[in-house]
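Engineer: below is the sequence, then the predicted model.
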Amino acid sequence: MNLVHRFQQYIRETLHISADDKVLLAVSGGRDSMLMAHLFITSGYTCIIAHCNFQLREGEADLDEQLVSTFAQQHKVPFFARHFQTTDYAQQHGLSIQMAARELRYAWFEKLRVQQDARWIAIAQHQDDHIETVLLNLARGTGLLGLQGILPKRGEIIRPLLRFSSEEITTGVQQLQIPFRDDQSNFSTKYARNKVRLEIMPKFREITPEFDGIMRENIVHFQEAYDLLQSFVLPIREELFVLQDNRVRISKQKLEPYIQRLPLLFELFKPYGFSKNVLTDLQEHWRGESGKIFHSPHYELLLDRNDIWLKSKNLVSNTGNLLEIAADSANFAFGDKQFEMCVVEDTSIRQSENVLQVDFEKLVFPLTMRFWQEGDYFYPLGMGGKRQKLSDYFVQQKIGRYDKNTIPILINRNGDVVWIVNYRADNRYRITESTKKVFTLVCK
């Protein structure tokens, strides 16, 4: 099976991309993204091409943009380019250049995707990127979750080249005579990822020529192990952790079969940030006196006679599960979370799950922060304007019965859901070309 057919099979059978879906192609001008663009276009998909000029490489970046623009024009594909002040942005936000570029490009891609009514954002990461990510995460100690590498699909972002190695991509570009430009920064070992690619992975291949294939198999095993672990832990957590009056009650009798199994205990309490040292202390005092308290950064466990009580350290006071937010608010707390709010005229989007940016003029104050209620619905941003119940959204996101009751919901004065905090905003309040002021809420 040739490269084109393998590509079409992958996006059809693994990514489940419909032939009618419009796709935003993130094209830098390098061989990976140029091949991806060629494959999508020749496969008959409706596409737009988006190119980021980070203005970091003087004239080289302009030549990249010119190449991609010419390619788009030759194939009669709409072309969009955005110039960023990347260095200034990095300094203002205390980020590395790489992280700043990442934030800027993903924010713009999402904004452009919505404006152009595209269904997907296609990123040209391949198998070698996949393996590099796992090695980096292994070095950083991210645990089993990080060892899954790069997901083929996450939200509206798809990675249609994950089936192909860097060598296959190079061969494909040569055979199909696709123009491209090399970014010389990819050959500098001052970046951690480049060091892994250029120095560490070649050493592994010297030791084991089949290294890439073995790593691909290992990643599949990691993914299967993580899914298996979650399928085992989630039902136990949902049975044991019972929400009651803003606290979670955990029956000692029901927890007893698991209390001496530290790895399982750690997974059960993992969403609440309790370290293994603290949980070991809990094991030792399991049958001790009532009243002992165990702490994580944001939660505490209280030993009672028959139960353990889990609660946030920053529960909302006075109004319980309801907090009104005035237009002149700046900082406030709700549940176990801290929020910072402002209104700005800068309409550029900062792509981050913990940041809400919506059209200020569409809001009516005071806003309300509360938890989920039966019957709540919204119009998820980027989902084509379709109405969805929050309960159905939680199921799709695999959010547990207790966990969904701890997620803050931002409500407009008219009753609309504006934001499921740290998950998704409502499409009705998105930033558009006519937006003049942006309401920004950061969850810390």
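Structural biologist: The structure has been received and is ready for your questions.
Engineer: now the helices for the stretch 51-200 of the chain?
Structural biologist: Shown for the stretch 51-200 of the chain, the helices assigned by DSSP state H, counting those that start in this stretch span residues 59-74, 86-93, 97-115, 127-140, 143-146, 166-176, 192-195.
Engineer: which stretches of the stretch 251-400 of the chain form helices?
Structural biologist: 252-255, 262-269, 276-284, 390-396.
Engineer: who are the contact partners of the closest residue to R82 other than its chain neighbours?
Structural biologist: Of all residues not flanking R82 in the chain, W108 sits nearest, at 5.2 Å (Cβ to Cβ, 6 or more residues apart in numbering). In this view, the C-beta of every residue, glycine as well, is placed from N, C-alpha and C. By Cβ atoms under 8 Å, 6 or more residues apart in numbering, W108 lies in contact with A50, C52, R82, F84, S348, I349.
Engineer: of these, select the buried ones using a ChimeraX command.
Structural biologist: A single ChimeraX command selects the buried members of the contacts of W108 (16 or more other Cβ atoms under 10 Å):
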select :50,52,82,84,349
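Engineer: make CSV out of the contacts of W108 and add distance to L39.
Structural biologist: Output for the contacts of W108, formatted as CSV (distance: Cβ to Cβ, whole Å):
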residue, distance to L39
A50, 17
C52, 20
R82, 24
F84, 27
S348, 31
I349, 28
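Engineer: taking the contacts of W108 together, which two end up most distant?
Structural biologist: Spanning the widest gap among the contacts of W108 are A50 and S348, at 14.7 Å by Cβ to Cβ.
Engineer: picking that back up, tell me which of the helices of the stretch 251-400 of the chain lies nearest to G149.
Structural biologist: So among the helices of the stretch 251-400 of the chain, helix 262-269 is nearest, using Cβ to Cβ, at 20.6 Å.
Engineer: identify the residues contacting that closest one?
Structural biologist: Contact with helix 262-269 is made by 229, 233, 236-237, 240, 258-259, 274, 276, 279-280, 282-283, 296, as judged by Cβ under 8 Å, 6+ apart.
Engineer: name the nearest of these relative to D376.
Structural biologist: Using Cβ to Cβ, R237 comes nearest to D376 of the contacts of helix 262-269, at 23.1 Å.
Engineer: give me the element that closest one is part of.
Structural biologist: According to DSSP states H and E, R237 maps onto helix 211-240.
Engineer: tell me how far the helix or strand that that helix is followed by lies from the chain's centre.
Structural biologist: Sequence order places strand 242-244 as the next helix or strand after helix 211-240, per DSSP H and E. Centroid separation for strand 242-244 versus its chain: 29 Å, with Cα atoms, centre = their mean, to the nearest Å.
Engineer: and for strand 242-244, what are the contacting residues?
Structural biologist: Contacts of strand 242-244 from elsewhere in the structure, counted by Cβ under 8 Å, 6+ apart, are V248, R249, I250, S251, Y402, N405.
Engineer: what comes up buried for it?
Structural biologist: V242, L243.
Engineer: mind listing the strands that strand pairs with, and their directions?
Structural biologist: Note on strand 242-244: by DSSP bridges, its sheet partners are strand 247-251 (antiparallel).
Engineer: convert the partner strand to PDB, retaining C-alpha atoms only.
Structural biologist: Written as PDB, here are the backbone C-alpha positions of strand 247-251 (Å, rounded to 0.1, in the frame of the first residue of the first chain):
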ATOM      1  CA  ARG A 247     -17.800  17.500  51.100                       C
ATOM      2  CA  VAL A 248     -17.000  14.000  50.000                       C
ATOM      3  CA  ARG A 249     -17.800  11.200  52.400                       C
ATOM      4  CA  ILE A 250     -15.700   8.000  52.100                       C
ATOM      5  CA  SER A 251     -16.900   5.100  54.200                       C
END
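Engineer: who's in contact with that strand?
Structural biologist: With Cβ under 8 Å, 6+ apart as the test, strand 247-251 has contacts from L240, F241, V242, L243, N306, D307, I308, W309, L310, K311, Y402.
Engineer: run through the bridge partners of the third one.
Structural biologist: As for beta bridges, V242 partners with R249 under DSSP bridges.
Engineer: now it: how far from I308?
Structural biologist: V242 sits 11 Å away from I308, going by Cβ to Cβ, to the nearest Å.
Engineer: only the buried residues of stretch 287-305, if you could.
Structural biologist: F294, S296, Y299, L301, L303.
Engineer: any chance of the residues you listed in CSV, with distance to Q388 and pLDDT too?
Structural biologist: As requested, those are arranged in CSV below (distance: Cβ to Cβ, whole Å; pLDDT from 0 to 100):
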residue, distance to Q388, pLDDT
F294, 38, 91
S296, 32, 86
Y299, 30, 83
L301, 35, 90
L303, 41, 89
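Engineer: filter the contacts of W108 down to the ones in strands?
Structural biologist: Judged by DSSP state E, the contacts of W108 include A50, C52, R82 as members of strands.
Engineer: check contacts around S352.
Structural biologist: The contact partners of S352, by Cβ under 8 Å, 6+ apart, come to E103.
Engineer: and it, its phi and psi?
Structural biologist: The phi and psi values for S352, taken as degrees, to the nearest 10, are phi -160, psi 140.
Engineer: run through the stretch 101-250 of the chain and note the low-pLDDT ranges.
Structural biologist: Applying pLDDT under 70 to the stretch 101-250 of the chain picks out residues 142, 184-191, 245-246.
Engineer: pretty sure R430 contacts R113?
Structural biologist: No - the criterion here is Cβ atoms under 8 Å, and R430 misses it with R113 at 11.1 Å.
Engineer: does K436 count as helix, strand or coil?
Structural biologist: Following DSSP: H, G, I helix; E, B strand; the rest coil, we place K436 in the coil state.
Engineer: now do the contacts for it.
Structural biologist: When contacts are counted by Cβ under 8 Å, 6+ apart, K436 touches E345, F360, E361.
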